[in-house]
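Engineer: model the following, please.
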Amino acid sequence: MLAAIGVDIFIDGLLLGIGFSAGGTEGMLLAVALSIELLSLGMATASELADNEVARKKSVVIIMLLAGLFFISAVLGATLLHSLSDSAMELVLSFGLSALLFLVTEELLIEAHEEEESVWHTGIFSGDFYCSLF
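Structural biologist: Numbering: from 1, shown residues only. This is a model prediction of the structure:
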């Protein structure tokens, strides 16, 4: 579980670094979106570690290491990919954002199917998704 979370956080950090390389507005939008995602991911990770009876100090160290991984990958994304052409930057951002959207949607859909579906839940999900496009 921690390896998968680490890979996800590394990709998220790269995307944030690339976003800031593409421009301040793009970087800020990604920062807001990723902060919401990583807040929920951090809470879920801490909760899962507690459920597996991992010591509190060890859990804090693990969460701090994951946060450090995010920072390092964001710096790598901003420095290593800063010299890309505009079209290459758009291609990388498009791929990364689609992968991010797929991963988040896939995770949310798996969790959503554990509970009874309703028209209300589907409507809220679809409305939020379409609002994020504009």
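Engineer: and Ser73, what pLDDT?
Structural biologist: Per-residue confidence at Ser73 stands at 90 (pLDDT).
Engineer: surely Gly19 touches Leu93?
Structural biologist: Yes. Gly19 lies in contact with Leu93 (C-beta atoms under 8 Å); the separation is 6.9 Å. For the C-beta atoms, the positions are set from N, CA and C on the backbone; glycine is no exception.
Engineer: would you list the phi and psi of Leu93?
Structural biologist: Taking degrees, to the nearest 10, you get phi -60, psi -40 for the backbone angles of Leu93.
Engineer: could we number from 34 for the rest of this?
Structural biologist: Yep, numbering from 34; the last one is Leu126 now.
Engineer: that one touches Leu62, doesn't it?
Structural biologist: No. The criterion here is C-beta under 8 Å, and Leu126 misses it with Leu62 at 11.0 Å.
Engineer: overlap in contacts, Gly52 and Leu126.
Structural biologist: Glu59 (C-beta atoms under 8 Å, 6 or more residues apart in numbering).
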